[in-house]
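Asks: Following is a predicted model, sequence given first.
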Amino acid sequence: MPGGRLTQQERQQIAGGLADSLAYAEIARRLDRPTSTITREVMRNGGPTAYRADLAHRATERRAHRRRRRQAPSAGPRALAQGNGRDDGAVREYEETFTTLLMQQGLPKMVARVLTCLFIADAGSLTAAQLVQHLQISPASVSKAIAFLEQQGLIRRERDDRRRERYFVDDDVWYQSTIASAHGIGQVAATARQGVAVLGQGSPAAVRLENIARFSDFISESILRAAEQVREILHTKPDTH
């Protein structure tokens, strides 16, 4: 299987595959590349509808040029992902893979990058300065991403002993996010039922909304019940006696 960066010819083949509505896995098979490589390439260069081979190739060259010019990083966020026998290249590859996954789940690119950094930091927390250094983005971009993540209940912020704001992901962050999602689905059910009264009981539109409400109620309640059960299991320490 070929390694290294994608060539301009390969990017043209990717663009052609997207134009033919081929799945990422099929494009990857034709290029003898991992599917994750194709997915990451497309998502970081405009997505399937806006991807252009020439622009993607130039953007990659610019990123490589910036990396070559960049000085070796000081002890900071990259160091948080190093150690314990880790391969720095493998860590960077995994970081990009996880970021791409979060983007596919609907998170904006910058938000996904910040959240991934927090996930892979052993301390589970970083400062704004560390995020700026690691991601090579502006403080304003970090601030916007943090505000979004806070609104979704995915992170929290505290001040450390040096009065710097630190951003944390807790061990049960996915539980909290799941609970928030379930409550959102429950709100869909409540709003749909309001429409039943407005549109008239028994009308086609009202029947449709009632079905949406019943489905949403069931899904919301099932998610909440499952989340509580799984959290209890995961947080229960095994009996060693």
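Replies: Sure thing, it's come through. Residues are numbered from 1 along each chain as shown.

Asks: Report the residue ranges of every domain in this protein.
Replies: 8-69, 77-168, 173-235 (automatic domain parsing).

Asks: can I get those in a markdown table with mean pLDDT?
Replies: Listed next are these as a markdown table, based on pLDDT from 0 to 100:
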| stretch | mean pLDDT |
| --- | --- |
| domain 8-69 | 87 |
| domain 77-168 | 85 |
| domain 173-235 | 90 |
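
Asks: Give the other helices and strands that the helix ranked longest in the chain contacts.
Replies: Identified as the longest helix of the chain according to DSSP state H is helix 204-235. Applying 3 or more CB pairs under 8 Å, 6 or more residues apart in numbering; DSSP states H and E, one finds that helix 204-235 contacts helix 173-199. All C-beta spots, glycine's among them, are computed from the backbone N, C-alpha and C.

Asks: tilt between the helix it packs on and helix 204-235?
Replies: 160 degrees (axes from the mean of the first three to the mean of the last three CA atoms, to 10 degrees).

Asks: Show me which residues of helix 173-199 are buried.
Replies: Applying a neighbour-count criterion of 16 or more other CB atoms under 10 Å, one finds 173, 175-176, 178-179, 181-182, 185-186, 188-189, 192-193, 195-196 buried in helix 173-199.

Asks: so what's T178 up against?
Replies: Contacts for T178 (CB atoms under 8 Å, 6 or more residues apart in numbering) come out as I223, A227.

Asks: Phi first, then psi, for R156.
Replies: phi -140, psi 160 (degrees, to the nearest 10).

Asks: Kindly report the same for I14.
Replies: Residue torsions, per degrees, to the nearest 10, at I14 are phi -60, psi -50.

Asks: Pretty sure it sits against R33.
Replies: No: the criterion here is CB atoms under 8 Å, and I14 misses it with R33 at 9.2 Å.

Asks: Quick test: name the residue nearest the centre of this structure.
Replies: The centroid of the chain falls nearest to L102 when counting by CA atoms, centre = their mean (2.0 Å).

Asks: Do I have it right that it meets K109?
Replies: No: using CB under 8 Å as the test, L102 is too far from K109 to be in contact (9.1 Å).

Asks: burial of the nearest residue to D171 once chain neighbours are set aside, as a residue count?
Replies: Excluding its sequence neighbours, the residue lying closest to D171 (CB to CB, 6 or more residues apart in numbering) is G124, at 7.6 Å. The tally of other residues near G124 (other CB atoms under 10 Å) stands at 17.
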